[in-house]
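**Student:** Only the shape, not the letters, is given here:
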């Protein structure tokens, strides 16, 4: 377990498909991070690559960006940073190279643990990311001794609606984003958890710079997170 102090009674997270972190980090910082001071900042479609220095875009009071740049081609990518002092640990999870996911373990103020997954599912990947989650959720929770699960990112779930709904139904999960997150009016950027609906709220914050996606502010009351793990039945 990390030596950092545990998370506070309220956990806040800003997630956003930024469509280029280099060009939009200024607006992300000044319009979203500074006003809301979230515990976690999760971005997808960063368009970063290994030529971008590891200390790029460091924000005072937060860790460096922990990144998963796209190995081949352009676009894609994930970058996450955490408020200094947050009790969080990066996890090494084996998966196919083309999958764009990052996993972390977070300790709450009640010393419960949450498995965090940050995901970008480009349209060309089809059902692969959802199939990975479907096949590995329980094993990852058990392996890393986590009580709960949070998945955020851009999943373009309208294109794999049946598989997405099956994932939620069969694992007792909720998508707490019930508003449009894209300029088209579609909701593409879910916040998925096994937490009770009454402890979590999601709000749209508006477009980040030149991105056509709205950032989402998620607030979780960690003091009333239930103790028992959700019982799941995998019907496949």
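**Tutor:** Sure thing, it's come through. Small disclaimer: the values here were computed from a predicted structure and weren't measured.

**Student:** any idea how far residue 62 lies from residue 153?
**Tutor:** 19 Å (CB to CB, to the nearest Å). (C-beta placed from N, C-alpha, C; glycine too.)

**Student:** More neighbours: those two, which one.
**Tutor:** Using other CB atoms under 10 Å as the criterion, residue 62 and residue 153 rank with residue 153 on top: 27 against 20.

**Student:** Can you tell me the element the closest residue to residue 220 other than its chain neighbours falls in?
**Tutor:** Leaving aside its chain neighbours, residue 220 sits nearest to residue 11 (4.4 Å; criterion: CB to CB, 6 or more residues apart in numbering). Applying DSSP states H and E as the criterion places residue 11 in strand 10-17.

**Student:** do the same with residue 138
**Tutor:** Using DSSP H and E, residue 138 falls within helix 128-143.

**Student:** Give the buried residues for that helix.
**Tutor:** 129, 130, 131, 132, 133, 134, 136, 137, 140, 141 (16 or more other CB atoms under 10 Å).

**Student:** Likewise for stretch 184-195?
**Tutor:** Neighbour-count burial for stretch 184-195 [16+ other CB under 10 Å]: 187, 188, 189, 190, 191, 192, 193, 194, 195.

**Student:** so when I look at the second one, I'm seeing a helix, right?
**Tutor:** No. Per DSSP: H, G, I helix; E, B strand; the rest coil, residue 188 lies outside any helix segment and is coil.

**Student:** Surely it is in contact with residue 155?
**Tutor:** Yes. Contact between residue 188 and residue 155 holds when scored by CB atoms under 8 Å: they sit 6.9 Å apart.
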